[in-house]
Each structure stands twice: as structure tokens, then as C-alpha cells.
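1. Predicted model follows, preceded by the sequence.
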Amino acid sequence: MGLTKIALKLAVPVPKIDKFERYLFIGPHPDDIEIGAGATAAKLAASGKKVCFLICIDGRFGDGNAPGVSRQQLVALRKKEACLSAKQLGVSDVRFLGLCDGGFYDQKELIQKIAEVIGDFGPEIIFAPDPCVTSECHIDHLNVGNAVRQLACFASFGGIMAQYGAKSAPVKALAYYMTAKPNRFVKTSGFLKKQLNAIFTCHLSQFPVGCAEGKSIELYLKLRAVDFGLRSGKGCAEGFRVLGSTHMHCLPEAGK
């Protein structure tokens, strides 16, 4: 380990996820939060933390496992599934932006709408998909991740947030899920089952009982929990790439 990296760890340590009180989980589509960070969200909610889910995209084109359902019916169904799933995880504050699936929206509108929710809820840490993963090809995941990256840096600046028609918020950290470079791990023993139940008993339009994709995702999540647990010594865990407010804009080594 180089001296600069050691200095970074000592001078600007990565924030600990469980030290905050207000958590905003932002997902591109219904089911993304659950897949990326569902066990962690359940654990935080169970510990009495304030947890809010924001789902940006309506998922109208995710109809591969919902034959005979119209686009508008699927939007309503997926919204209902998301609320049921969040409830299983212990989260009652679920918000929706309702933007069109597949990137058919203006990025500026996405940023403004997310900013409004950040200002209204006032999170201390925001969770979002990592837009820097080289294998990620879904435009909605990339757009949401990049929008959150921009806003997490500016959330505490009242003048900048006002330009989005939003209030400032005391955001101190950003935690990327679905990341290839986790630097913080949350022990999730006892919550993996809740995560799996929330996904596979609620999001049935996407994962009908017994479908091959659902079985693959379930196996992946179980193996990921074991892998992260072994890497962190926590037994069963979820991993995140966490950035503090200083990491976000002037410490390039924080991205390694």
C-alpha cells in the first residue's frame, strides 16, 4: 500500500454506514433496491433508523414475465409490488417519480425530481447503484447513479439546491450498491431471508414462482452474501462503495 493511500485512510476515513440516522435508498426500478441492498435496508429499519425508498423509473417495459398486461397496468402493478416489498423490509416511506422506463425522460428532470425528494426527506446518507461499474449497460441504472452522484456532492449547498427548486439536506455520505469495489460491509445475518422473501414473494411480475431468472438471482444473492461475509469477517454481508463528503470531489485515490 502506497503512502498516499495510507494517508487517505488515516486522514479521511470512509464513513461507517450504521452511524447515521436518516437513510435514503434510491432505485432505478422497482426491485433494484431490494436486490442491491435489501438486507441492509431491513437491518437499518429494524434498528429504528429512518429509512425511505425512492423509485425513479416506472418499469413499464419489464413485461417479459407478465403476458397480457398492458403498460399502464404493469406500472400500477409494479408500484403495488414495490410497496408490499418495502413493507416486508420494514419500510413504510416509499416514493415514486414515475419516469418512463428505458431512458425516455430528460436527465435534468430526473436530477430535479431526485433533488426535491432529497430536500424533503433530509437524508444523511444516500444509497444508489454505482454508475462506474464497467459492465453496467442499463441506461436507467447509469442515469440514476450519475444523478445521485451529482446531488450527493451538492445536497448541503442551499444555493445550489435552490436552483433545482429543492431544500438543502445534511448529506454526509454516498453508498453505492451493485458495485465492483466495495469498501464497507454490513453484517446481514438474519436479514438475507427477509431480502429474498421481499423479492420473490412480492415482485412476481418480474420473478414468477419457479422462473429461471429468479432462481439465478436468488443463488447469486446467497453466494454474494457469503463472499462479502468472508471478505469482511462478518459471516453474511452486503458490500458498498462508500464515499464521504470529502472523498466526493478532491481525493482521486478514493475511487481506487
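-> That came through fine.

2. got the contact list for residue 218?
-> Taking Cβ atoms under 8 Å, 6 or more residues apart in numbering as the criterion, residue 218 is in contact with 196, 199, 200. Just so you know, the C-beta spots here come from the backbone N, C-alpha and C atoms, and that holds for glycine as well.

3. helices and strands of the chain: which one bottoms out on pLDDT?
-> Ranked by mean pLDDT, DSSP states H and E, the weakest helix or strand in the chain is helix 3-11, scoring a mean of 79.

4. Keeping just the C-alphas, turn that one into PDB.
-> Output in PDB follows, covering the C-alpha atoms of helix 3-11 (Å, rounded to 0.1, in the frame of the first residue of the first chain):
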ATOM      1  CA  LEU A   3       1.900   6.300   1.400                       C
ATOM      2  CA  THR A   4      -0.800   8.300  -0.300                       C
ATOM      3  CA  LYS A   5      -3.300   5.600   0.200                       C
ATOM      4  CA  ILE A   6      -2.300   5.100   3.800                       C
ATOM      5  CA  ALA A   7      -2.600   8.900   4.300                       C
ATOM      6  CA  LEU A   8      -6.100   8.800   2.800                       C
ATOM      7  CA  LYS A   9      -7.200   6.100   5.100                       C
ATOM      8  CA  LEU A  10      -5.900   7.900   8.200                       C
ATOM      9  CA  ALA A  11      -6.800  11.500   7.300                       C
END
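
5. Can you show me the strands along this structure?
-> Using DSSP state E, the strands of the chain run over residues 22-27, 50-57, 93-99, 125-129, 173-177, 184-187, 237-244.

6. Low-confidence stretches in the stretch 1-150 of the chain?
-> 1 (pLDDT under 70).

7. sorry, back to before: can you say which of the strands of the chain is nearest to residue 5?
-> Comparing these against residue 5 with Cβ to Cβ, the closest turns out to be strand 237-244 (15.2 Å).

8. which other residues reach the closest one?
-> Residues contacting strand 237-244 (Cβ under 8 Å, 6+ apart): 12-15, 17, 37, 39-40, 127, 130, 152, 172-177, 179, 181-188, 224-225, 228-229, 231-232, 254.

9. Give me the buried subset of these.
-> 12, 14-15, 17, 37, 39-40, 127, 130, 152, 172-177, 179, 182-188, 224-225, 228-229, 232, 254 (16 or more other Cβ atoms under 10 Å).

10. Right, I'll leave it there.
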